[in-house]
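*Asks:* Let's see this in three dimensions:
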Amino acid sequence: MYQSLAAGRRVRLDTVGIFADGVAVREVGERPFALARTVVDEVVRVTNDEICAAIKDIFDDTRSVMEPAGALAVAGLKAWVAREATTGSELVAVLSGANMNFDRLRFVAERAELGEAREALFGVTIPERPGAFRQFCLTIGRRVITEFNYRLSARDRAHIFVGIGTTSRQDAHELGTQLARAGYEAVDLTDNEMAKLHVRHMVGGRASGSRDERACRFEFPERPGALLRFLDALGDRWNISLFHYRNHGSDFGRVLAAFEVPDADISAFDRFLDGLGYRYLRDQDNPAFRLFLD
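*Replies:* Numbering: from 1, shown residues only. From the prediction side, this is the model:
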């Protein structure tokens, strides 16, 4: 709807996410579009993380568990209030739908704190010496550490994947500035999908024996047998040196994979990826991959 209103005509999308499946349509209907052009002042867009945060807010207030599309209005209302800095107003959001299952609820619970900006994820480089982690904790002060992943990879520097409790996006930004002032190399990974979907579940150090690794992320519609069909499509032309898949109860299955592809085979590898028929992203330079897996 957002793109159709912006274009002044009905737009057909190539793909749609189905996390909020109640509003996932490729093309809006003729009558809803005509009505929206007349009565809708603005469409507020939100992320899946913000929808997850809205589901949690509704549950905290009412003990009702909404489905993603059902909580969409609250997510949009919260985004609008934050943008406009509105206070003292009476605002109404219409909730609709509670078609939730536990697989999807696991994803919601995992991402709600990020959507609320109550957690920030950082990749931080610290000295590899006794007491370095304690010194890092002293630097961040009386903050809650929500997650900490680490494995020895070098004798002089250590890369840690850390989740830290925050109160707002501004607070997370100030935390990053605080770490930089203290001399730490810190990368904010809060909005990095590779970090959130894959790296936080598999931090374990580099593979010293791998050669010519090319990292890619893939998406496929999440349904029974989808992963097997994806693996069949990959075949065995290039050695897979890294693979991570986790069923999040989300709209798409998501895979992080690395292939050992010599420079001489890059053109053939690109043609191979294009021919798979799956959405993909060459993500070799992703900072989360560089810090923890490359």
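
*Asks:* Tell me which stretches of the stretch 1-150 of the chain form helices.
*Replies:* 2-7, 30-39, 48-62, 72-84, 102-115, 132-140 (DSSP state H, counting those that start in this stretch).

*Asks:* Could you dump those helices into a markdown table with mean pLDDT added?
*Replies:* As requested, those are exported to a markdown table (pLDDT from 0 to 100):
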| stretch | mean pLDDT |
| --- | --- |
| helix 2-7 | 92 |
| helix 30-39 | 94 |
| helix 48-62 | 92 |
| helix 72-84 | 94 |
| helix 102-115 | 82 |
| helix 132-140 | 84 |
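
*Asks:* Serialize those to TSV and add fields for distance to residue 15.
*Replies:* Every C-beta, even on glycine, is put in place using the N, C-alpha and C of the backbone. Formatted as TSV, these follow (distance: least, Cβ to Cβ, whole Å):
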stretch	distance to residue 15
helix 2-7	13
helix 30-39	20
helix 48-62	15
helix 72-84	19
helix 102-115	19
helix 132-140	40
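
*Asks:* Please name the nearest non-neighbouring residue to residue 169.
*Replies:* Of all residues beyond its chain neighbours, the one nearest residue 169 is residue 117 (4.6 Å), with distances taken as Cβ to Cβ, 6 or more residues apart in numbering.

*Asks:* surely the one you found meets residue 168?
*Replies:* Yes - counting by Cβ atoms under 8 Å, residue 168 is a contact partner of residue 117 at 5.2 Å.

*Asks:* ok, those two, which is more surrounded?
*Replies:* residue 117 (19 against 13; other Cβ atoms under 10 Å).

*Asks:* Can you tell me how far residue 279 is from residue 255?
*Replies:* Per Cβ to Cβ, to the nearest Å, residue 279 is found 11 Å from residue 255.
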